[in-house]
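**Q** A structural model of the following input is requested.
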Amino acid sequence: MLEKELVTVCITTYNRKEMLNRAVESVLAQTYPYFELVIVDDCSSDGTEEYVQKELLNRDKRIQYIRHKVNRGLAVARNTAIFNSKGVYFTFVDDDDRWNEHYLEDFVAVANNYDDQWCFCCGSITKDLIGQTVYANYNSLEGSLLDYIQKGYTPPIASQFYFTAALQQCGGYNEKIKNGVDHDLWLTLAFRGSKIKSVDKYLSLPSEVIDVSRAKMTNSYQKRINGITKSLDVWKPQLVAHFGESYFQKFKEAYLIREKKKFFRMYVLKLQLKEALVLYREVSEEISPKEIVKSLSIALLLKLSISVKREKYIIRGSSLKIKLSTVNA
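**A** Reported below is the predicted structural model:
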């Protein structure tokens with residue numbers, strides 16, 4: 001029987017009332033019952049407050065609701081939960097994501113064997129917009145978080161688990177960071193000597209890889225790229241100090257290429273070919289003709305409402321696809 005350590009689960013939300021219930025249901029369905037669910041509303045204006053008060057708070061005494069008086073962003077909202085936490089452990093699920101019902105139980109079972117110098121992650125299963133299954137594999141990680149960052153690993157969506165004390169001691173999320181907040185936290189912990197251990201299961205069920213109908217993707221290409229560039233400027237001094245200028249330049253290039261590839265795919269899937277062509281000139285070496293044909297085919301099939309064959313794909317947890325580990329520190 002697991003020890004009854006309390007887990008603080010954070011859901012941050014902003015003007016997405018219609019999605020919130022799915023994430024809440026996912027938490028309430030957990031096989032591990034010793035948690036508090038802290039919903040942080042970042043000053044929504046779509047009726048979220050009324051919905052939570054009338055529909056959610058009376059469902060389960062473990063649910064708490066905190067509302068910001070002004071919109072302050074994801075990092076601040078997560079910190080609100082962290083510094084109001086009563087749990088030994090802290091984790092989060094975004095309002096459009098959900099978990100396997102054993103998520104908390106399996107993480108607690110592993111974390112109970114480690115101290116607060118460690119943080120944890122797991123793999124995820126998601127389906128893209130045509131129903132193809134994508135497995136994000138974060139298996140067999142155990143050791144220095146900084147070493148894994150050097151190899152190109154980035155934080156998995158809705159798949160992170162921490163000791164609350166460790167997050168409070170490091171000051172939580174950097175509230176000046178608007179893009180890449182999870183990566184920023186990993187860097188903060190890594191530079192403090194934290195280690196990482198993976199739970200070798202697919203416990204997270206994030207929202208679609210790319211959902212054209214919702215056009216998530218931070219909505220604005222230039223806004224996203226500018227935000228990531230600012231974050232990279234913040235991270236540069238310590239990355240250079242630890243790994244050297246050459247490493248940082250490769251890290252920066254890989255990060256920006258990854259973001260541009262996401263937007264390229266979105267533009268192709270939405271058949272915004274003019275915008276896609278502009279981006280293709282910047283990332284052509286990173287995208288194969290086969291991938292372009294596949295994306296175009298999917299876009300046309302979706303437009304014509306034609307069903308396609310379901311397939312499965314597995315990607316490794318490392319998502320900065322350059323050989324960062326070969327760069328001299």
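
**Q** where do the strands sit along the chain?
**A** Counting by DSSP state E, the chain has strands at residues 7-13, 35-41, 63-67, 89-92, 98-99, 118-127, 133-137, 142-144, 160-163, 195-205, 312-316.

**Q** Could you list the residues in contact with the second one?
**A** Contacts made with strand 35-41 from outside it, assessed by Cβ atoms under 8 Å, 6 or more residues apart in numbering, are listed as 6-14, 20, 24, 27-28, 48-49, 52, 56, 60, 62-68, 77-78, 80-81, 84-87, 104. No exception for glycine: its C-beta is placed from N, CA and C like everyone else's.

**Q** Filter those down to the buried ones, PyMOL style.
**A** In PyMOL, a selection of the buried entries from the contacts of strand 35-41 looks like this (16 or more other Cβ atoms under 10 Å):
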select buried, resi 7+8+9+10+11+12+13+14+20+24+27+28+48+52+56+63+68+77+78+80+81+85+87+104
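
**Q** According to the record, where do the domains of the chain fall?
**A** Here the domain parsing of the chain from automatic domain parsing is 7-121+141-202, 221-308+318-326.

**Q** Return the most buried member of those.
**A** Highest mean neighbour count of the domains of the chain: domain 7-121+141-202, a mean of 19 (counted as mean count of other Cβ atoms under 10 Å).

**Q** okay, and for the stretch 101-250 of the chain, where does confidence drop off?
**A** Where the stretch 101-250 of the chain drops to pLDDT under 70, the residues are 128-131, 208-219.

**Q** can you map out the helices along it?
**A** 103-111, 145-150, 164-169, 181-191, 221-243, 245-269 (DSSP state H, counting those that start in this stretch).

**Q** packing partners for the first one?
**A** Helix 103-111 makes packing contacts with strand 7-13, strand 89-92, strand 118-127, strand 160-163, strand 195-205 when contacts are defined by 3 or more Cβ pairs under 8 Å, 6 or more residues apart in numbering; DSSP states H and E.

**Q** try the third one
**A** Helices and strands in packing contact with helix 164-169 are listed as helix 74-82, strand 89-92; criterion 3+ Cβ pairs under 8 Å, 6+ apart.

**Q** let's see it at 10 Å
**A** Identification of packing neighbours for helix 164-169 by 3 or more Cβ pairs under 10 Å, 6 or more residues apart in numbering; DSSP states H and E yields strand 7-13, helix 74-82, strand 89-92, strand 118-127, helix 181-191.

**Q** Now distance to residue 166 too, for the ones you listed, in CSV please.
**A** Shown next, in CSV, are these (distance: least, Cβ to Cβ, whole Å):
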stretch, distance to residue 166
strand 7-13, 13
helix 74-82, 10
strand 89-92, 9
strand 118-127, 7
helix 181-191, 7
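
**Q** mind checking which of the ones you listed is nearest residue 172?
**A** helix 74-82 (4.2 Å; Cβ to Cβ).

**Q** quick one: that closest one to strand 63-67, angle?
**A** Angle, helix 74-82 to strand 63-67, by axes from the mean of the first three to the mean of the last three Cα atoms, to 10 degrees: 130 degrees.

**Q** Check the average confidence over helix 74-82, would you?
**A** For helix 74-82, mean pLDDT rounds to 97.

**Q** With just CA atoms, put it into CSV.
**A** Taking Å, rounded to 0.1, in the frame of the first residue of the first chain, the C-alpha atoms of helix 74-82 are listed here in CSV:
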residue,chain,number,x,y,z
LEU,A,74,1.0,30.7,-17.1
ALA,A,75,4.1,31.0,-15.0
VAL,A,76,2.4,33.2,-12.4
ALA,A,77,-0.7,30.9,-12.4
ARG,A,78,1.4,27.8,-11.8
ASN,A,79,3.2,29.6,-9.0
THR,A,80,-0.1,30.5,-7.4
ALA,A,81,-0.7,26.8,-7.0
ILE,A,82,2.8,26.0,-5.9
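
**Q** re earlier: now the helices of the stretch 101-250 of the chain as a markdown table including distance to residue 204?
**A** Converted to a markdown table, those look like this (distance: least, Cβ to Cβ, whole Å):
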| stretch | distance to residue 204 |
| --- | --- |
| helix 103-111 | 7 |
| helix 145-150 | 18 |
| helix 164-169 | 19 |
| helix 181-191 | 13 |
| helix 221-243 | 23 |
| helix 245-269 | 19 |
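
**Q** circling back to that earlier point, residue 268 is nearest to which of the helices and strands packed on helix 164-169?
**A** Comparing the helices and strands packed on helix 164-169 under Cβ to Cβ, the one sitting nearest is strand 118-127, at 18.8 Å.

**Q** Can you give the strand pairings for that closest one, parallel or anti for each?
**A** Partners of strand 118-127 in the sheet, by DSSP bridges, are strand 133-137 (antiparallel), strand 160-163 (antiparallel), strand 195-205 (parallel).

**Q** so can I have CSV of those strands showing distance to residue 121?
**A** Formatted as CSV, the strands paired with strand 118-127 follow (distance: least, Cβ to Cβ, whole Å):
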stretch, distance to residue 121
strand 133-137, 10
strand 160-163, 5
strand 195-205, 6
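
**Q** Nearest to residue 150, out of the ones you listed?
**A** When the strands paired with strand 118-127 are compared (using Cβ to Cβ), the closest one is strand 195-205, at 12.4 Å.
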